[in-house]
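[1] What shape does this take:
(one chain, ligands or ions: 1)
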Amino acid sequence: LGAAAPLYTEDDPLVILSSSTVTSSVSNSSSAWLVQFYSSWCGHCIQYSTTWKTLAQDVKDWQQAISVAVVDCAQEENFDVCKEYNVKFYPTFKYFRAHSPPTDRGTTYTGADRRVQSVRQLMVNILQNHTRLDWPDHCPPLDPHSSEELLPLLGQRSNHFTAVIIEEPDSYVGREVILDLLQYSGVQVKRALSSDRPLLDALKITTFPSIYLLHPNGTHTHLHVQKQLRFFFSSMLRTLPGVQRRLTSDSDSYSVGQMGALPQKQGAEPWRDFNRSKVYMADLESALHYLLRVELATHNTLEGEELKVFKDFVTLVAKLYPGGVSVVKLMETLSDWLLSLPLQRIPYQAVLDLVDNKMRISGVFLGAELRWVGCQSSRPGLRGYPCALWTLFHVLTVQHDATPAALENTGLEAEAAPVLQVMRRYIRTFFGCEQCGRHFEQAAAAGMDRVQQMLWLWNQHNMVNYRLAGSLSDDPLFPKAPWPSPSLCASCHEEKNGVHVWNQDNVLSFLRHHYGVSNLSPKYSL
Ligand code: FAD
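    A predicted model of the protein is given here:
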């Protein structure tokens with residue numbers, strides 16, 4: 001009898017341990033560990049896996065202080081280790097203090113409350129139960145600071161921000177935000193208690209939790225946050241100027257720089273000021289420029305399935321592209337030309353000739369250079385094309401929603417979720433990052449038939465960015481964070497049972513607005 005499929009995979013934001021790695025990971029570790037010993041055939045464990053993954057995602061940024069892990073006791077290779085750690089029932093939750101000896105078999109959590117918020121609070125308690133001697137190396141202090149410690153900081157200059165969260169004694173928000181910012185430099189988070197009268201009087205704080213910010217230049221302010229929730233506090237601190245995520249080395253991330261030669265003049269690009277709440281036509285044009293002149297150029301000829309995929313892509317853009325007459329004209333001409341050709345095989349050079357020469361004669365052409373705006377990066381090789389390709393497809397999903405009839409008589413109208421299907425085939429066939437294509441295909445295979453396209457793509461884009469946060473492709477100026485941020489759309493965010501949740505209706509309205517025609521900016525465009 002083969003073991004059932006494992007409930008957790010490498011794509012989940014937690015550590016998968018096995019017999020050869022349990023002891024070496026959890027003992028003598030600089031962080032504490034919370035490990036779920038489960039069995040992939042236990043019905044309760046199967047049900048609970050969703051909660052555990054939500055928890056792991058929720059506390060992903062805490063891992064240098066406390067890591068979340070799983071061991072599958074149904075795998076034959078783990079039989080011995082599960083026995084050695086005295087696991088008799090599934091799931092069994094054990095935690096290990098930082099710097100624990102190899103003989104430590106962990107402390108079993110026997111509480112009946114296994115909801116995300118309760119386990120998260122348990123994790124905070126585990127951390128606070130360490131002593132000065134075994135305190136996890138990278139865990140900041142979690143105890144409250146007093147007015148005697150904090151008030152002298154007012155007016156002082158510093159090389160970083162200091163945020164003080166003032167809260168009721170039984171609130172966990174302060175400690176959670178401290179841990180949420182663990183991987184970020186440029187800001188220190190401290191907590192103080194609502195019972196500290198001198199502090200409240202000096203800072204004029206009357207509601208809790210409140211957040212008070214000391215700026216590097218010595219000024220200080222009581223910050224207004226739309227909702228007094230952990231997610232709002234953490235998001236706001238992560239986006240302060242100069243606050244950056246420390247990067248982890250991760251070979252699993254992709255940036256366009258890996259694709260080799262880039263035709264832009266690297267380093268010489270002037271910075272283009274832009275507004276994050278707008279979508280720039282220049283990014284969309286540059287995406288098409290890159291796609292036609294660089295990505296496609298790696299294919300000497302287009303034939304069979306490739307040709308069909310390319311034709312569909314061009315048709316989709318010709319019908320749905322919302323801005324820029326030049327681009328629409330070019331795509332229409334290209335589309336007509338492709339459809340009129342009886343050939344089963346087209347040399348790439350012919351496509352290029354059409355784009356470059358024939359179009360230029362009629363005065364219709366795509367910009368001759370890459371001009372990233374919302375997709376600019378702090379250094380060459382980051383963002384740019386992949387960022388703009390996402391943007392292009394978000395725009396197309398919204399445009400299709402606004403004008404579904406545009407695809408009539410194209411052969412695409414019969415497909416469910418046509419924009420996503422064309423995108424899926426394009427990514428699979430042409431997108432330079434193979435592993436991105438694999439991930440995207442996996443997600444698409446899980447069902448694209450009856451989805452709301454705009455929401456599906458929004459969710460998928462966030463999934464990719466959750467995975468990439470802190471990896472080498474993360475641009476410190478544009479750290480990957482759940483999008484839209486509370487500052488772009490406060491009503492998109494809610495909290496349910498202590499866990500951040502999206503208000504999907506509001507996200508949908510926001511997508512319609514953000515990627516709609518009226519929010520497209522022509523600045524920097526042709
Ligand atoms: P992003 O910031 O991610 O996105 C561009 C803009 O879109 C943002 O500035 C923001 O305005 C907006 N935005 C952000 N999130 C959303 C959202 N959820 N919904 C709507 N709009 C949003 N790389 C990998 O390493 N592994 C992968 O599996 C992978 N898969 C990919 C799949 C596709 C289809 C594409 C196009 C790229 C993929 N990449 C993957 C590449 C990766 O996305 C980029 O290299 C880069 O990390 C994206 O980040 P960015 O900062 O450039 O753009």
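
[2] Now do the domain split for this structure, please.
    As recorded under automatic domain parsing, the domains making up the chain are 15-128, 147-245, 269-521.

[3] Now tabulate these in JSON lines and tack on mean neighbour count and mean pLDDT.
    From N, CA and C alone the C-beta is placed, and that goes for glycine too. Shown next, in JSON lines, are those (neighbours: other C-beta atoms under 10 Å; pLDDT from 0 to 100):
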{"stretch": "domain 15-128", "mean neighbour count": "18", "mean pLDDT": "96"}
{"stretch": "domain 147-245", "mean neighbour count": "17", "mean pLDDT": "96"}
{"stretch": "domain 269-521", "mean neighbour count": "17", "mean pLDDT": "91"}
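
[4] Minimum distance to the ligand: which of these has it?
    domain 269-521 (3.1 Å; C-beta to the nearest ligand atom).

[5] quick one: terminal-to-terminal distance for the closest one?
    Using C-alpha to C-alpha, to the nearest Å, the end-to-end distance of domain 269-521 comes out at 20 Å.

[6] Check whether that domain comes near the ligand.
    Yes: interface with the ligand: domain 269-521 contributes 374, 383, 386-387, 389-391, 394, 427, 433, 435-436, 439-440, 458, 461-462, 464-465, 468, 473, 475, 478, 483 (C-beta under 6 Å from any ligand atom).

[7] Give the closest residue to Leu382 in space, chain neighbours not counted.
    What sits nearest to Leu382 in space, not counting adjacent residues and going by C-beta to C-beta, 6 or more residues apart in numbering, is Asp475, at 4.4 Å.

[8] Lys204 too?
    Nearest one to Lys204, counting by C-beta to C-beta, 6+ apart, is His222 at 6.9 Å.

[9] swap in Leu320?
    Gln399 (4.4 Å).

[10] In three-state terms, label the residue nearest the centre of the chain for me.
    Residue closest to the average C-alpha location in the chain (C-alpha atoms, centre = their mean): Asn465, at 2.3 Å. The three-state label given to Asn465 by DSSP: H, G, I helix; E, B strand; the rest coil is helix.

[11] list the contacts for the closest residue to it other than its chain neighbours?
    Leaving aside its sequence neighbours, Asn465 sits nearest to Lys480 (C-beta to C-beta, 6+ apart; 4.1 Å). By C-beta atoms under 8 Å, 6 or more residues apart in numbering, the contact list for Lys480 reads 465-466, 468-470, 474.

[12] related to what we said a few turns ago, residue contacts, the residue nearest to Lys204?
    So His222 contacts 203-205, 210-213 (C-beta under 8 Å, 6+ apart).

[13] rerun that using 10 Å as the cut-off
    With contact set as C-beta atoms under 10 Å, 6 or more residues apart in numbering, His222 has these partners: 164, 166, 203-207, 210-213.

[14] quick one: the strands in the stretch 351-500 of the chain?
    Along the stretch 351-500 of the chain, the segments classed as strands by DSSP state E, counting those that start in this stretch run 493-496, 499-502.

[15] Nearest to Arg115, out of those strands?
    strand 499-502 (8.4 Å; C-beta to C-beta).

[16] Please pull up the helix or strand immediately following that closest one.
    Counting by DSSP states H and E, the element after strand 499-502 in chain order, helix or strand, is helix 504-514.

[17] Quick check: can you name the pairing partners of the following helix or strand past that following helix and their directions?
    Downstream of helix 504-514, the next assigned helix or strand under DSSP H and E is strand 520-521. Under the criterion DSSP bridges, strand 520-521 sits next to strand 279-280 (parallel) in its sheet.

[18] Remind me what the helix or strand that the strand it pairs with is followed by packs against, helices and strands.
    Next helix or strand after strand 279-280 toward the C-terminus (DSSP H and E): helix 281-290. Here helix 281-290 touches helix 304-320, helix 325-340, helix 385-402, strand 520-521, going by 3 or more C-beta pairs under 10 Å, 6 or more residues apart in numbering; DSSP states H and E.

[19] Could you tell me which of the contacts of His222 belong to helices?
    Leu203 (DSSP state H).

[20] farthest pair in the contacts of His222?
    Those two in the contacts of His222 that are separated most widely, counting by C-beta to C-beta, are Thr206 and Leu213, at 17.1 Å.

[21] What residues does the spatially closest residue to His493 that is not a sequence neighbour make contact with?
    For His493, ignoring the flanking residues on the chain, the nearest one in space by C-beta to C-beta, 6+ apart is Pro486 at 5.3 Å. Pro486 makes contact with 225-227, 229, 231-236, 239, 492-493, according to C-beta under 10 Å, 6+ apart.

[22] what's the span of stretch 54-64 from first residue to last?
    Note: stretch 54-64 ends 18 Å apart using C-alpha to C-alpha.

[23] show me the contacts for the residue nearest to Leu382.
    Contacts of Asp475 by C-beta under 10 Å, 6+ apart are 244-245, 247, 255, 376-379, 381-383, 387.

[24] now those residues as a markdown table including distance to Thr403?
    As requested, the contacts of Asp475 are arranged in a markdown table below (distance: C-beta to C-beta, whole Å):
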| residue | distance to Thr403 |
| --- | --- |
| Gln244 | 41 |
| Arg245 | 39 |
| Leu247 | 41 |
| Ser255 | 34 |
| Gln376 | 30 |
| Ser377 | 32 |
| Ser378 | 37 |
| Arg379 | 38 |
| Gly381 | 36 |
| Leu382 | 34 |
| Arg383 | 29 |
| Cys387 | 25 |
